[in-house]
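Trainee: coords below, sequence missing:
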């Protein structure tokens, strides 16, 4: 277990692979509200 091991986080970083152990970060978790949706909520 170490840098050459594909199953460890260190090994994945050194090899440059992604997977369940080291998932890629998503850019945005929440969808932004549009101006049209926002104005409807403010009117109610």
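Mentor: In hand now; what should we look at? These figures come from a predicted structure and were not determined experimentally.

Trainee: confidence-wise, which helix or strand of this structure is lowest on average?
Mentor: Here the helix or strand of the chain ranked lowest by mean pLDDT, DSSP states H and E is helix 35-43, holding a mean of 60.

Trainee: could you tell me the end-to-end distance of stretch 14-27?
Mentor: Length of stretch 14-27, first residue to last, C-alpha to C-alpha, to the nearest Å: 23 Å.

Trainee: just the buried residues of it, please?
Mentor: Within stretch 14-27, no residue counts as buried by 16 or more other C-beta atoms under 10 Å. Where C-beta positions appear, they are placed from N, C-alpha and C, glycine not excepted.

Trainee: can you list contacts of that stretch?
Mentor: 3, 4, 6, 7, 8, 9, 12, 13 (C-beta atoms under 8 Å, 6 or more residues apart in numbering).

Trainee: centre of the chain to it, how far?
Mentor: 9 Å (C-alpha atoms, centre = their mean, to the nearest Å).

Trainee: which residues touch residue 12?
Mentor: 6, 18, 19, 21, 22.

Trainee: which of these sits closest to residue 31?
Mentor: Among these, residue 18 lies closest to residue 31 (C-beta to C-beta), at 23.8 Å.

Trainee: low-confidence ranges, this structure, go.
Mentor: Scanning the chain for pLDDT under 70 picks out 32-44.

Trainee: which residue ranges of it form helices?
Mentor: For the chain, applying DSSP state H gives helices covering 9-15, 35-43.

Trainee: tell me how far the first one lies from the chain's centre.
Mentor: This means helix 9-15. Per C-alpha atoms, centre = their mean, the centroid offset for helix 9-15 relative to its chain is 18 Å.

Trainee: how near is residue 14 to residue 6?
Mentor: Distance from residue 14 to residue 6, counting by C-beta to C-beta, to the nearest Å: 10 Å.

Trainee: joint contacts of those two?
Mentor: Residues within reach of residue 14 and of residue 6 at once, by C-beta under 8 Å, 6+ apart: there are none.
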